[in-house]
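S.K.: Okay, sequence plus prediction incoming.
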Amino acid sequence: MASALNLRHYGVKPYLPVTWRQRNGSVSDVHRLFVWNDNNYNKTASLLKVTCKVTNDVLEKHVIENVGGKLVMSDETMSYSCVMKFGGSSVASADRMKEVVNLVLSFPEERPIVVLSAMGKTTNKLLLAGEKAVSCGVTNVSGIEELSFIKDLHLKTVDQLGVDRSVIEKHLEELEQLLKGIAMMKELTKRTQDYLVSFGECMSTRIFAAFLNTLGVKARQYDAFEIGFITTDDFTNADILEATYPAVAKRLHGDWLSDPAIPIVTGFLGKAQKSCAVTTLGRGGSDLTATTIGKALGLPEIQVWKDVDGVLTCDPNIYPKAEPVPFLTFDEAAELAYFGAQVLHPQSMRPARESDIPVRVKNSYNPKAPGTLITKERDMSKAVLTSIVLKRNVTMLDIVSTRMLGQYGFLAKVFSIFEDLGISVDVVATSEVSVSLTLDPSKLWSRELIQQELDHVAEELEKIAVVNLLQNRSIISLIGNVQKSSLILEKAFRVLRKLGVTVQMISQGASKVNISLVVNDSEAEQCVRALHEAFFENEFSELQMEYTNGNGSVDKLS
Ligand SMILES: Nc1ncnc2c1ncn2[C@@H]1O[C@H](COP(=O)(O)OP(=O)(O)O)[C@@H](O)[C@H]1O
Ligand SMILES: N[C@@H](CC(=O)OP(=O)(O)O)C(=O)O
């Protein structure tokens, strides 16, 4: 393998590293294809998918034949081996940063790219400071409690780590100036808000890189918006654009070749394609930064380090007996995140799935715990339910046709109204003359879609239907093996019946890994706890659960 092909034999400069993984081998059996590509990034990616399946000899032949000697392979120049993302809780203080540095350095064989979130709850504090600045008056900005908190936290951290204060002083000054600007304008636009929260990640990464350097470990800080993270101009919830992948690969790989250092990259941030302003990728967006880098560089593994032992069977804040889930598919993880599990950003699985790179969710407070491994496929033969997710504060609409339109025209009209108003729909259930659906609460929040706009939706729909708007609902999503959907539903409904809870809507998603049930907000947490007990804790008593058979007598399940 080592001398199978070498770029330099062809006078070609390596540019884009892509992983070639030996399917039957262990993780250490990883080699890299350094691909020189002056054509099209996707073409390269699809070509490499083919090469992954062939033996070394055929690979050599295949590569040379297909690109006329331009695409060549070498495993001599190893650059990065994984991306390690640490969330806010992992870098919340100087002590936590020291732990994370120890953790990074405890894998000497790894050459990681580190992605960091803002320290602790800094993003929340910045948002609050921005809100207060709008109405507090310029002269009172220095007294905003959250600004003082942020200053104290960051200055205390640099002092405790023995890092020079100059690393962040300029940012702290600029932050105060920005808040004064907001106070002067008495307005906080989404664009300014993104710039405001970017200070969190810009400071945490500077501190962390400087600390590594003081320890003699060469590290280089990067602002994602300066190294090719190109996004849409949708401030507060921007999407990463395709151009990001080659740009980020070129920059990080080029820097490694010319002057190797551990990259410390800001999570969560990007640069708007049109306005060139700083954007954010939605709350929790650093996970997406990590998977985007993983895809761009074709890394063997993406690690996201949290404050929990992996993805759990339910939100531990709702039910502390939640257990880690050892394996998940990308589909399960994406569904889980989309339906409200805070642990992963909803879009973060997409780059990993597209490039088939395993994602490992680990606990930075308990690194020995195995965590959760997320891959394309897993053995589902024994899987029933993987996780229970709760999304609160959902608005549900019951829309019943007034029969002015045929069935086809009715559904088309209903959805065109949502399209026109730019509103995302989550869960849908239809019959011939009616449709029930839920509206995505995060979209409602981010678009400040409040009562007025909901009334507008109802008004439009009332032209063709009778509309019932039901608020304060929750979606309970049962993520698992929908091959066993009858078993899941049977168990779930027995639990809910025992609780006396009426399910107001049920839907099985096209992804086939999710069954969604809509209940009242007030009943939802109790349902999650009882479902968790039935599915994950009490297998024996579950099998003994009684049910009434068709003759009215009582049977045991076995
Ligand atoms: N199903 C779940 N599995 C794990 N954690 C969950 C789940 N649902 C909600 N959480 C919450 O998500 C938190 C981790 O996500 P997050 O705060 O975004 O991490 P970080 O900031 O470290 O990236 C956990 O502390 C936990 O409270
Ligand atoms: N700091 C940002 C981005 C992020 O990903 O944070 P965390 O990894 O701590 O969830 C936020 O709070 O949304």
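M.R.: Looks like it came in fine. Residues are numbered from 1 along each chain as shown. Ligands and ions are numbered 1, 2, ... in the order given.
S.K.: Look through this structure and state the residue closest to ligand 1.
M.R.: The chain approaches ligand 1 most closely through residue 87 (2.1 Å), counting by C-beta to the nearest ligand atom. No exception for glycine: its C-beta is placed from N, CA and C like everyone else's.
S.K.: How confident was the prediction at that residue?
M.R.: If you check residue 87, the pLDDT there is 97.
S.K.: could you list every residue that touches it?
M.R.: 117, 286-287, 304-307 (C-beta atoms under 8 Å, 6 or more residues apart in numbering).
S.K.: So it versus residue 529, what's the distance?
M.R.: Distance of residue 87 to residue 529, computed by C-beta to C-beta, to the nearest Å: 26 Å.
S.K.: Name the SS class of residue 374, please.
M.R.: Secondary structure state of residue 374, per DSSP: H, G, I helix; E, B strand; the rest coil, is strand.
S.K.: show me the contacts for it.
M.R.: Applying C-beta under 8 Å, 6+ apart, the residues near residue 374 are 311, 327-330, 332-333, 349, 352, 358-361.
S.K.: For ChimeraX, what selects the buried ones among these?
M.R.: To isolate the buried members of the contacts of residue 374 in ChimeraX, using 16 or more other C-beta atoms under 10 Å:
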select :311,327,328,329,330,332,333,349,352,358,359,360,361
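S.K.: If the residue nearest to residue 115 when sequence neighbours are not counted is in a bridge, with which residues?
M.R.: In space, and not counting its chain neighbours, residue 115 is closest to residue 85: 4.1 Å by C-beta to C-beta, 6 or more residues apart in numbering. Following DSSP bridges, residue 85 is listed with bridge partners residue 115, residue 304.
S.K.: Run a quick neighbour tally on residue 85.
M.R.: Per other C-beta atoms under 10 Å, the neighbour tally for residue 85 reads 30.
S.K.: One more: residue 299?
M.R.: Neighbour number of residue 299 under other C-beta under 10 Å is 28.
S.K.: Go ahead and confirm the residue nearest to residue 115 touches residue 305.
M.R.: Yes - the pair residue 85 / residue 305 is scored as a contact, 6.5 Å apart, by C-beta atoms under 8 Å.
S.K.: Find the helix or strand that residue 256 is a member of.
M.R.: Using DSSP states H and E, residue 256 maps to helix 244-258.
S.K.: Whichever helix or strand comes after that helix and ligand 1, are they touching?
M.R.: Once the chain leaves helix 244-258, the next helix or strand it forms, by DSSP H and E, is strand 262-266. No - judged by C-beta under 6 Å from any ligand atom, strand 262-266 makes no contact with ligand 1; its nearest approach is 14.0 Å.
S.K.: How far away from the center of its chain is strand 262-266?
M.R.: With C-alpha atoms, centre = their mean, to the nearest Å as the basis, strand 262-266 stands 18 Å off its chain's centre.
S.K.: near ligand 2, anything from that strand?
M.R.: No - contact of strand 262-266 with ligand 2 (C-beta under 6 Å from any ligand atom) is absent, the minimum separation being 9.5 Å.
S.K.: one step back: which of the contacts of residue 87 come close to ligand 2?
M.R.: 117, 286.
S.K.: I'd like to know which of the contacts of residue 87 are part of strands.
M.R.: Taking DSSP state E, the ones among the contacts of residue 87 that sit in strands are 304-306.
S.K.: Next, the contact list for the residue nearest to residue 115, please.
M.R.: Counting by C-beta under 8 Å, 6+ apart, residue 85 makes contact with 114-117, 267, 286-287, 289-290, 302-305.
S.K.: likewise residue 531?
M.R.: Per C-beta under 8 Å, 6+ apart, neighbours of residue 531: 388, 476, 478, 492, 495-496.
S.K.: repeat that with 6 Å
M.R.: With contacts defined as C-beta atoms under 6 Å, 6 or more residues apart in numbering, residue 531 is in contact with 388, 495.
S.K.: From ligand 2, how far off is it?
M.R.: Counting by C-beta to the nearest ligand atom, to the nearest Å, the separation of residue 531 from ligand 2 is 26 Å.
S.K.: Quickly name whichever of the contacts of residue 374 is closest to residue 173.
M.R.: residue 361 (37.0 Å; C-beta to C-beta).
S.K.: The closest residue to the closest one other than its chain neighbours - how many residues pack around it?
M.R.: Residue nearest to residue 361 in three dimensions, not counting chain neighbours: residue 372, with 4.3 Å by C-beta to C-beta, 6+ apart. Around residue 372 there are 26 other residues, counting by other C-beta under 10 Å.
S.K.: Which pLDDT value belongs to residue 372?
M.R.: On pLDDT, residue 372 comes in at 97.
S.K.: That one touches residue 311, doesn't it?
M.R.: Yes - contact criterion C-beta atoms under 6 Å: residue 372 and residue 311 qualify, at 4.3 Å.
S.K.: Dihedrals phi and psi, the most centrally placed residue in the chain?
M.R.: Closest to where the C-alpha atoms of the chain average out (C-alpha atoms, centre = their mean) is residue 345, at 2.1 Å. When read as degrees, to the nearest 10, the backbone of residue 345 gives phi -70, psi 140.
S.K.: Tell me the spacing between it and residue 329.
M.R.: Separation of residue 345 from residue 329 (C-beta to C-beta) stands at 17 Å.
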